[in-house]
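Student: no sequence for this one, just the structure:
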């Protein structure tokens with residue numbers, strides 16, 4: 001049983017949960033799940049997108065990602081996002097991992113929406129450039145060390161990119 005409290009892009013529902021034998025009211029945020037990619041090129045550089053995030057009031061550097069809001073597979077959504085946000089075509093994609101490297105609840109205490117992070121290898125040059133996308137300002141190719149420095153400077157703050165950084169440290173453990 002629930003009652004809708006807000007019906008916008010994000011929805012908030014009031015739910016009744018049974019916790020330790022007691023019925024309690026809680027809010028559940030209904031948001032779309034997401035899919036993202038740790039995109040690595042032949043130079044072993046990682047692709048990040050720079051975009052303005054109005055809710056936090058500044059630019060961030062993040063993995064390429066998109067909402068699961070179409071009736072297509074996660075991989076197809078990821079391919080569309082690579083084209084739209086990064087101008088990387090399907091022909092440049094060498095491989096996408098069969099399963100996500102990581103899948104987690106984006107806001108476990110408030111929502112059941114998940115983020116699935118895939119490993120994507122591409123045959124693209126390490127050229128930082130402005131892109132013609134409604135959300136993304138530019139794409140940058142960085143090393144894992146540069147990613148770590150960006151995180152320390154506060155340029156990388158979102159969960160998926162920080163989780164990816166930890167995965168990448170292990171992936172490149174001999175080079176890091």
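Tutor: Cool, the structure landed. Not measured: the values here are computed from a predicted model.
Student: Would you state the helices of this structure in chain order?
Tutor: Using DSSP state H, the helices of the chain run over residues 74-86, 144-152, 159-171.
Student: which residues does the residue lying closest to residue 65 once chain neighbours are set aside form a beta bridge with?
Tutor: The shortest distance from residue 65 to any non-neighbouring residue, by CB to CB, 6 or more residues apart in numbering, is to residue 36 (3.5 Å). Just so you know, the C-beta spots here come from the backbone N, C-alpha and C atoms, and that holds for glycine as well. Beta-bridge pairing of residue 36 under DSSP bridges involves residue 65, residue 117.
Student: returning to that earlier point: just say which of the helices of the chain is most tucked in.
Tutor: Among these, helix 74-86 has the highest mean neighbour count (mean count of other CB atoms under 10 Å), at a mean of 19.
Student: what mean pLDDT does it have?
Tutor: Mean pLDDT, helix 74-86: 96.
Student: contact partners of that helix?
Tutor: Residues outside helix 74-86 that contact it (CB atoms under 8 Å, 6 or more residues apart in numbering): 35-37, 39, 47, 49, 64-68, 70, 88-90, 93, 96, 100, 116, 118, 120, 122, 131, 133, 135-136, 139.
Student: distance between the ends of stretch 83-91?
Tutor: 10 Å (CA to CA, to the nearest Å).
Student: got the buried residues for stretch 91-106?
Tutor: 92, 93, 96, 100, 101, 102, 106 (16 or more other CB atoms under 10 Å).
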